[in-house]
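Visitor: Got a predicted structure here, sequence first:
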Amino acid sequence: MNTVTLNGLGKSYGRTAALCGVDLALAPGITGLLGPNGAGKTTMLRVLATALAADTGSVRILGEDPTTTEGRVAVRRRLGYVPQETGFPRGFTAFAFVDYLAILKQWTDLPTRHQEVRRVIDLVGLTDVAPKRVSSLSGGQRRRVVLAQAMLGHPDLLILDEPTAGLDPAQRGRLRDVLGRAGETSTVVISTHQTEDVAALCERVVVLDGGRVLFDGTVTDMVGQAAGRVWMAAERDPVAQHAWRTGSGRFRHVGDPPRSAEIIEPALEDAYLLLVGDAARDTELEAAS
Amino acid sequence: MSRQSTPTWHLDEATLRAYVNGRPLTVVGASVEAHLVDCPDCRIRLGEVMPHEVVDRAWSAIRAHVETPRRSLPERLIHRLGISTETARLLVAVPAFRGAWLLGLFLVTLFAGLAALFTGKYGLVLFLIVAPLAPVAGVAASFGGDADPCHELVTVTPHPAARMLMLRTAGVLVTSLPITLLAGLALPGPAWLGVAWLTPAAAGVALTLLLTPLFGSTVTATTLGAFWSVGVVTAARVSDPVEAVEPAMQLIFTLLTLVAVTALVLRQPSFDHLGRQS
């Protein structure tokens, strides 16, 4: 059953259109949102998190209509959100910050609230730094403090805007574990620039570019689209859309291969580069004609 | 740490249970303890017979003691006034309720009040500029994306935005009005002059609340402050600074306040989303 339905979603900032007629339906599980900077990912996540109202189109979240106050409050009670960036009130410890958000999320009973705050702090592996001021924590630890507050009360909808930014590999591994568990029952949407996170975590991937959906399907289908378009060669091939020197000293190419090319298995990153590259080429051709 | 050798004998369960319950004989107790230090197997078995609830409860209490943050001075003061710890926490999360801000506000209004009392016309100009702007600055430092460092996170919680708005505005008025009111009442001249700044203050606060989602609190408060300062200084140059708060102006500020408050009530749902400046 779909928990989120977007129909013809449009959102503009002045004359700049951030989203142009996005259709999307989400069910419980983890969906990865990929796209270049300025593609409209953050705007879409903000609409899903009820932080922004859509200009056009209809939005249905967890069976509620977020254009009404009652609908918004109902969604917010079941929502966990990690924005792309956030500050912290000065002087607050990690525990105080998560507790502050728990108060705002209307956990009124103090012992229950503190127990829940401790649970989410343990969940993200910050037990040792809970009494420390947020200002004294590392970037990765701060990111996990924000993740902790999103996990309060086992939310049915978890929206995460670049949650892996600034995390080291071990922290990312832990995050994947936490999100993987959440995705078993909840609808989780993750925006990221790390295709390997999407490949490791998500059943489904949505690629946004210029406020439109370029791709919506399974990770396997997206990787499949790049089959036959990734090759290795001893020298850099100028016909490739992208080419880079790998650790072995040979060049990996993405694009339309020459006839005798040594075709290799594509990765999600190759498929992403091709998808965005093809879209840019189509736009240029349209503009030229 | 290296262990010399594993003991060849082990404690029986009855002895372990007696030890956990604190009931062995003194001599036996000491030897049980000495054995436990040396024997990892018996330590594991001790863990098994140990009642977990007691350990968990103790650990929970220790964590609660260590983790529960010490409340800041403003938070304690707000709580002393009979406000719940939760509400106090919501207030102190923004700059307008921090010690440094409150001290600064106190000193500025005190200085303006003293200047008005002892330095004649120029003191009065300063007082008329500062008095209405103190609550405006307070509101700007407690509301919207500029003031609240985690505005986006706060916006998407089920906590009513209108309650937060009223709570913080009320807090600002309580902290910024009393000193200025006292200073105003001590001013030489007609009695109404001491409270005449209240209408421009009300208009300033209402306009700041109304316009912050559109332009951000810093731009809004700075622009309003600049207009007001220029108005008072111009009135002083042309004739008398009191002209800025004369009866006709009182009427204009009252009307402005009413219009802004009505618009605020009508636009209330817009506070439930991020402003354009976020």
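Guide: Sure, I can see it. All of these numbers come straight from a predicted model, not from anything done at the bench. Numbering: from 1, shown residues only, chains lettered A, B, ... in the order given.
Visitor: can I assume residue B:143 sits in a helix?
Guide: No - under DSSP: H, G, I helix; E, B strand; the rest coil, residue B:143 falls outside any helix and is assigned coil.
Visitor: From what I see, it and residue B:211 are in contact.
Guide: No - under the criterion of C-beta atoms under 8 Å, residue B:143 makes no contact with residue B:211, lying 11.0 Å away. Quick note: C-beta positions are derived from backbone N, CA and C, even for glycine.
Visitor: okay, these two: which has more neighbours?
Guide: Counted by other C-beta atoms under 10 Å in any protein chain shown, residue B:143 and residue B:211 do not tie: residue B:143 has more neighbours, with 26 against 20.
Visitor: mind listing what that one touches?
Guide: By C-beta atoms under 8 Å, 6 or more residues apart in numbering or on different chains, the contact set of residue B:143 is B:94, B:165, B:168, B:169, B:208, B:209, B:212, B:217.
Visitor: Export the residues you listed to TSV and append columns for distance to residue A:78 and neighbour count.
Guide: Output for the contacts of residue B:143, formatted as TSV (distance: C-beta to C-beta, whole Å; neighbours: other C-beta atoms under 10 Å in any protein chain shown):
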residue	distance to residue A:78	neighbour count
B:94	27	26
B:165	24	19
B:168	26	24
B:169	30	20
B:208	33	26
B:209	30	26
B:212	29	25
B:217	30	26
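Visitor: So what sits opposite whatever residue of the stretch 151-289 of chain A ends up closest to chain B in the bridge?
Guide: Relative to chain B, the nearest point of the stretch 151-289 of chain A is residue A:159 (8.7 Å; C-beta to the nearest C-beta). For residue A:159, the residues forming beta bridges with it (DSSP bridges) are residue A:81, residue A:189.
Visitor: Please report the distance of it from residue B:109.
Guide: When distance is defined by C-beta to C-beta, to the nearest Å, residue A:159 is 43 Å away from residue B:109.
Visitor: ok, these two, which is more surrounded?
Guide: Neighbour totals were compared for residue A:159 and residue B:109, and residue A:159 leads with 29 against 24 (other C-beta under 10 Å).
Visitor: the helices in the stretch 1-150 of chain B, which residues?
Guide: Along the stretch 1-150 of chain B, counting by DSSP state H, counting those that start in this stretch, helices occupy B:13-20, B:26-38, B:40-49, B:52-67, B:73-80, B:85-92, B:99-118, B:120-140.
Visitor: still on that earlier bit, in contact with the residue of the stretch 151-289 of chain A closest to chain B, which residues?
Guide: A:45, A:48, A:49, A:79, A:80, A:81, A:82, A:189.
Visitor: wouldn't the fifth one be in contact with residue A:150 here?
Guide: Looking back up the chat, that one is residue A:80. Yes - judged on C-beta under 8 Å, residue A:80 makes contact with residue A:150 at a distance of 3.6 Å.
Visitor: Can you point out the buried residues in stretch B:31-45?
Guide: By neighbour count with 16 or more other C-beta atoms under 10 Å in any protein chain shown, stretch B:31-45 contains the buried residues B:32, B:35, B:36, B:39, B:42, B:45.
Visitor: Give me the neighbour count for residue 219.
Guide: Because you didn't say which chain, this covers chain A. Applying other C-beta under 10 Å, we find 19 residues neighbouring residue A:219.
Visitor: nope, chain B
Guide: By other C-beta under 10 Å, neighbour count at residue B:219 equals 15.
Visitor: follow-up on the earlier one: any chance of a markdown table for the helices of the stretch 1-150 of chain B, columns distance to chain A and mean pLDDT?
Guide: Formatted as a markdown table, those follow (distance: least, C-beta to the nearest C-beta, whole Å; pLDDT from 0 to 100):
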| stretch | distance to chain A | mean pLDDT |
| --- | --- | --- |
| helix B:13-20 | 26 | 85 |
| helix B:26-38 | 27 | 83 |
| helix B:40-49 | 20 | 88 |
| helix B:52-67 | 5 | 82 |
| helix B:73-80 | 10 | 87 |
| helix B:85-92 | 5 | 91 |
| helix B:99-118 | 10 | 84 |
| helix B:120-140 | 17 | 89 |
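Visitor: Can you tell me which of those helices is most buried?
Guide: Ranked by mean neighbour count, those are led by helix B:120-140 with a mean of 23 (mean count of other C-beta atoms under 10 Å in any protein chain shown).
Visitor: Could you tell me which residues make contact with residue 212?
Guide: Going with chain A. Each residue near residue A:212 by C-beta under 8 Å, 6+ apart is listed here: A:20, A:21, A:22.
Visitor: my bad, chain B
Guide: Going by C-beta under 8 Å, 6+ apart, residue B:212 touches B:140, B:143, B:144, B:146, B:220, B:275.
Visitor: Which residues of the stretch 1-150 of chain A lie near chain B?
Guide: Proximity of the stretch 1-150 of chain A to chain B, by C-beta under 8 Å from any C-beta of the partner chain, involves residues A:13, A:46, A:49-53, A:69, A:72-73, A:76-77, A:79, A:81, A:83, A:86-93, A:95-96, A:99-101, A:103-106, A:108, A:114, A:118, A:130-131, A:146, A:149.
Visitor: Among those residues, which ones are in strands?
Guide: Using DSSP state E, A:13, A:79, A:81 are the members of these that sit in strands.
Visitor: Now which of these would you call buried?
Guide: Those of those that meet the buried threshold are A:79, A:81, by 16+ other C-beta under 10 Å.
Visitor: A helix includes residue B:214, no?
Guide: Yes - secondary structure of residue B:214 (three-state DSSP): part of a helix.
Visitor: Quick check: it touching residue B:275?
Guide: Yes - counting by C-beta under 8 Å, residue B:214 touches residue B:275, with 6.7 Å between them.
Visitor: Can you pick out the residue with more neighbours from these two?
Guide: Using other C-beta under 10 Å as the criterion, residue B:214 and residue B:275 rank with residue B:275 on top: 19 against 13.
Visitor: With adjacent residues omitted, what lies nearest to the more buried one?
Guide: Nearest non-adjacent residue to residue B:275, counting by C-beta to C-beta, 6 or more residues apart in numbering or on different chains: residue B:213, 3.6 Å away.
Visitor: could you pull out the helices for the stretch 101-250 of chain A?
Guide: Secondary structure of the stretch 101-250 of chain A by DSSP H, counting those that start in this stretch: the helices cover A:110-123, A:139-150, A:169-182, A:195-201, A:219-224.
Visitor: Kindly compare burial across those and name the winner.
Guide: Most buried of those, by mean neighbour count (mean count of other C-beta under 10 Å): helix A:139-150, with a mean of 22.
Visitor: rewinding a little: for the residue of the stretch 151-289 of chain A closest to chain B, give its distance to residue A:46.
Guide: Using C-beta to C-beta, we find residue A:159 at a distance of 9 Å from residue A:46.
Visitor: and if you look at residue A:134?
Guide: Using C-beta to C-beta, residue A:134 is found at 23 Å from residue A:46.
Visitor: The two: which is more packed in?
Guide: Higher neighbour count among residue A:134 and residue A:46: residue A:46, with 25 against 22, using other C-beta under 10 Å.
Visitor: residues in the stretch 101-250 of chain B within reach of chain A, list them.
Guide: Within the stretch 101-250 of chain B, the residues that sit near chain A (C-beta under 8 Å from any C-beta) are B:149, B:150, B:152, B:153, B:154, B:155, B:156, B:157, B:158, B:159, B:160.
Visitor: Name the member of those with the most neighbours.
Guide: In terms of neighbours by other C-beta under 10 Å, those top out with residue B:155 at 27 neighbours.
Visitor: how much space between that residue and residue A:81?
Guide: Between residue B:155 and residue A:81 the distance is 9 Å, computed by C-beta to C-beta.
Visitor: Give me the common contacts of those two.
Guide: Common neighbours of residue B:155 and residue A:81, using C-beta under 8 Å, 6+ apart, are residue A:51.
Visitor: show me what contacts the residue in chain B that chain A sits nearest to?
Guide: For chain B and chain A, the shortest gap (C-beta to the nearest C-beta) falls at residue B:149, measuring 2.9 Å. By C-beta under 8 Å, 6+ apart, the contact list for residue B:149 reads A:86, A:87, A:88, A:89, A:90, B:93.
Visitor: repeat that with 6 Å
Guide: Contact partners of residue B:149, counting by C-beta atoms under 6 Å, 6 or more residues apart in numbering or on different chains, are A:87, A:88, A:89.
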